[in-house]
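Peer 1: I would like the atomic coordinates for the input below:
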Amino acid sequence: MIRINLLPYRVARRQQQIMHHVSIFFGVVIIAALLALSAHTASSLQLADLKEETLLLQKQNAELKHKIGKIHNLDALRTDVERKLKTVDRLQEGRFHSLKTLHEVAQVIPENVWVKTLKHSGTDITLSGLGESNKAVANFMRKLDRSPLFDNVQLTVISRVMVNGLPVRSFNLKIRRVEESAKAKTADAKKGAS
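Peer 2: Residues are numbered from 1 along each chain as shown. From the prediction side, this is the model:
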């Protein structure tokens, strides 16, 4: 007997192909969803790591700002200490200024000249006194001018006066005191010229 297949085989194959395509489509969708989910999870983990790193960096930044503030305070303190040290050094330099001036005048004064007053303001010195003669006053001026401590010796007034019945010369001098640093520069210039 002859049998006849009533279901067409092409329709069965087509249905089988449709089922195959549908299963591939759902497989691709599931794989795409899994890939999207894994990408989202990875980016979420990366974002959490970045947030944690940001918080750590902000904490370090705050600590560094605090340290920088201390450094600025140290700089201000160092500047203040340096200023005070310069003041102390300046005072130390000027400590024996008057003593050196008086000592030098005492070293160069001749026996026949007497100093009555000595006033100084800064580097300018005004000196007044009595001398036995014009020659004695001139000798005193030469000695002051040769002294390494004095410069620009000028006679402002000289007059004849009587003291205890003796004729003497009253004089006033203006002198400039040479500072230590200026003496060193002058000495260096003289050495360089030699």
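
Peer 1: all strands for this structure, in order.
Peer 2: Counting by DSSP state E, one finds strands in the chain at the ranges 113-121, 124-131, 150-163, 166-177.

Peer 1: any weak-confidence spans in this structure?
Peer 2: Applying pLDDT under 70 to the predicted model, the residue ranges of the chain that meet it are 1, 4-8, 94-96, 180-194.

Peer 1: related to what we said a few turns ago, let me have the strands of the chain in TSV, extended by distance to Val105.
Peer 2: (C-beta placed from N, C-alpha, C; glycine too.) Below are the strands of the chain laid out as TSV (distance: least, CB to CB, whole Å):
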stretch	distance to Val105
strand 113-121	7
strand 124-131	7
strand 150-163	9
strand 166-177	9
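
Peer 1: closest one to Gln107 among those strands?
Peer 2: When the strands of the chain are ranked by distance to Gln107, counting by CB to CB, first place goes to strand 150-163 at 11.1 Å.

Peer 1: give the pairing partners of that closest one; include direction for each.
Peer 2: strand 166-177 (antiparallel) (DSSP bridges).

Peer 1: distance of Leu118 from Glu93?
Peer 2: Per CB to CB, to the nearest Å, Leu118 is found 20 Å from Glu93.

Peer 1: and the gap between the residue nearest the centre of the chain and Val178?
Peer 2: Within the chain, the residue whose C-alpha comes closest to the C-alpha centroid is Thr79; the distance, by CA atoms, centre = their mean, is 7.0 Å. Counting by CB to CB, the separation of Thr79 from Val178 is 32 Å.

Peer 1: ok, Arg78 next?
Peer 2: Look at Arg78 and Val178: by CB to CB, they are 34 Å apart.
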